[in-house]
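Undergrad: return atomic coordinates for the entry below.
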Amino acid sequence: MTPDQEERANASRALRLAGWGSIFYLITTDILGPFNAPYAISQVGWVPGVLLYFVMGGMALYTGLILWRLFIRLDSVWYPLKTYADIAERIFGRWAKRVIDVLQGIQLLVNVATICLANGQAWSQITRGRLCFSVCIVIWVIVGFVIGQIRTLKNYGWLAHGAVWVNLVIIFTSIGFMANSPPNFSAAAQSLGVPAGPVQTQLFATLPLFKKVNGVMNMVYAYGGTLIFPAMMAEMKHPMDFWKGMTLAQLVIFVAYLMYGAFVYAFQGQFTLPLAYQGVSRFVWQTVGNALSLITGITAAELYGNIGISTSFSPTL
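TA: The predicted structure follows:
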């Protein structure tokens, strides 16, 4: 590069402060949420469930590396890549960016809305329904507005760091609870229509096809956060190091999904609920899982909202 070009590149790089360690925590916060994994395995059985998590974990790693390679090849000081849609524009043209902007915005909006609804439900359960459900949702929307004042990945990293450890606390505490208590028979009867009885597991589930598809879709949804990888790379000081944080994060996520899903399914079988930590029989233990999940839920929602929707639509509009 000429001296002028080198100066411009260094100035642009100075604004990017995130390192690959921060990316590890951000990706783990973005994707890690193994509390649907036991339910997914229960819908398809041991063999398909374990095999599908191996396949999807490998595909998630491979596609993440593809996005990294595309970013390294296409990003420049004059035409910077900031979003997933920018990659589509480089390859197919302006119309592709418009289409991806709309589709990505819809998906991220639905993701944020789903997390806000889940947080509202958790808060309602903690209060035993004493607080209006709509108010429970509004509370977490306001909390999201406050957290939304964090504008850079570097400053957001400490929150993502804490959310990862909170997720691990939920995993290990719920495992301990389930190993020392029977399943939540009443919740399973209401939610799944499964009568109380002995715990049973299956190598291949004999459920209707639509329930098996629902289980597979839960596995696919678990890796839905990959589309904000380019936004993360856009704030890295050295984007070439992205593969380190991403690979380590995918390994941790895969192990957490598979081990947690297998453990809970082994102990709860056909009584496994869509949110695994609500499958414990004591209300106090359910409350612990709900309370801790509020932290990880709002953190993921703000990661989608701030990094995803805002960076996707601001260049277009």
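
Undergrad: low-confidence regions, the protein specifically.
TA: Scanning the chain with the threshold set as pLDDT under 70 gives 1, 5, 7-17, 147-162, 285-286, 288-317.

Undergrad: what ranges do the helices span in it?
TA: 3-14, 20-31, 37-44, 46-74, 84-92, 94-126, 133-147, 153-179, 185-191, 209-222, 229-233, 242-268, 283-302, 310-313 (DSSP state H).

Undergrad: tell me which of those helices sits most buried.
TA: Most buried of these by mean neighbour count (mean count of other C-beta atoms under 10 Å) is helix 37-44; its value is a mean of 27. From N, CA and C alone the C-beta is placed, and that goes for glycine too.

Undergrad: of the helices of the chain, which is nearest P274?
TA: When these are compared by C-beta to C-beta, helix 37-44 sits nearest P274, at 4.7 Å.

Undergrad: could you check how far T83 is from M233?
TA: 10 Å (C-beta to C-beta, to the nearest Å).

Undergrad: contacting residues for the spatially most central residue of the chain?
TA: Nearest to the centroid of the C-alpha atoms of the chain, with distances taken as C-alpha atoms, centre = their mean, sits I31, at 2.8 Å. Counting by C-beta atoms under 8 Å, 6 or more residues apart in numbering, I31 touches A60, A222, Y223, G224, G225, T226, A249, I253.

Undergrad: farthest-apart pair in those, please.
TA: G224 and A249 (14.7 Å).

Undergrad: disregarding residues adjacent in the polypeptide, which is nearest to F133?
TA: Closest residue in space to F133, ignoring its immediate chain neighbours: S124 at 5.1 Å, by C-beta to C-beta, 6 or more residues apart in numbering.

Undergrad: my read: that neighbour touches C136, true?
TA: Yes - if you go by C-beta atoms under 8 Å, S124 and C136 touch, sitting 4.8 Å apart.

Undergrad: circling back: would you turn the helices of the chain into JSON lines with distance to L203?
TA: Formatted as JSON lines, these follow (distance: least, C-beta to C-beta, whole Å):
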{"stretch": "helix 3-14", "distance to L203": "53"}
{"stretch": "helix 20-31", "distance to L203": "28"}
{"stretch": "helix 37-44", "distance to L203": "10"}
{"stretch": "helix 46-74", "distance to L203": "5"}
{"stretch": "helix 84-92", "distance to L203": "38"}
{"stretch": "helix 94-126", "distance to L203": "31"}
{"stretch": "helix 133-147", "distance to L203": "40"}
{"stretch": "helix 153-179", "distance to L203": "21"}
{"stretch": "helix 185-191", "distance to L203": "21"}
{"stretch": "helix 209-222", "distance to L203": "14"}
{"stretch": "helix 229-233", "distance to L203": "35"}
{"stretch": "helix 242-268", "distance to L203": "12"}
{"stretch": "helix 283-302", "distance to L203": "29"}
{"stretch": "helix 310-313", "distance to L203": "43"}
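
Undergrad: so which of those helices is nearest G197?
TA: Minimum separation from G197 across the helices of the chain (C-beta to C-beta) falls at helix 185-191, 8.5 Å.

Undergrad: now that closest one - C-alpha only, CSV.
TA: Output of helix 185-191 as CSV, limited to C-alpha atoms (Å, rounded to 0.1, in the frame of the first residue of the first chain):
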residue,chain,number,x,y,z
PHE,A,185,-45.1,-34.9,35.8
SER,A,186,-47.9,-32.2,36.0
ALA,A,187,-46.1,-29.9,33.6
ALA,A,188,-45.4,-32.8,31.2
ALA,A,189,-49.1,-33.8,31.3
GLN,A,190,-50.3,-30.3,30.5
SER,A,191,-47.6,-29.4,27.9
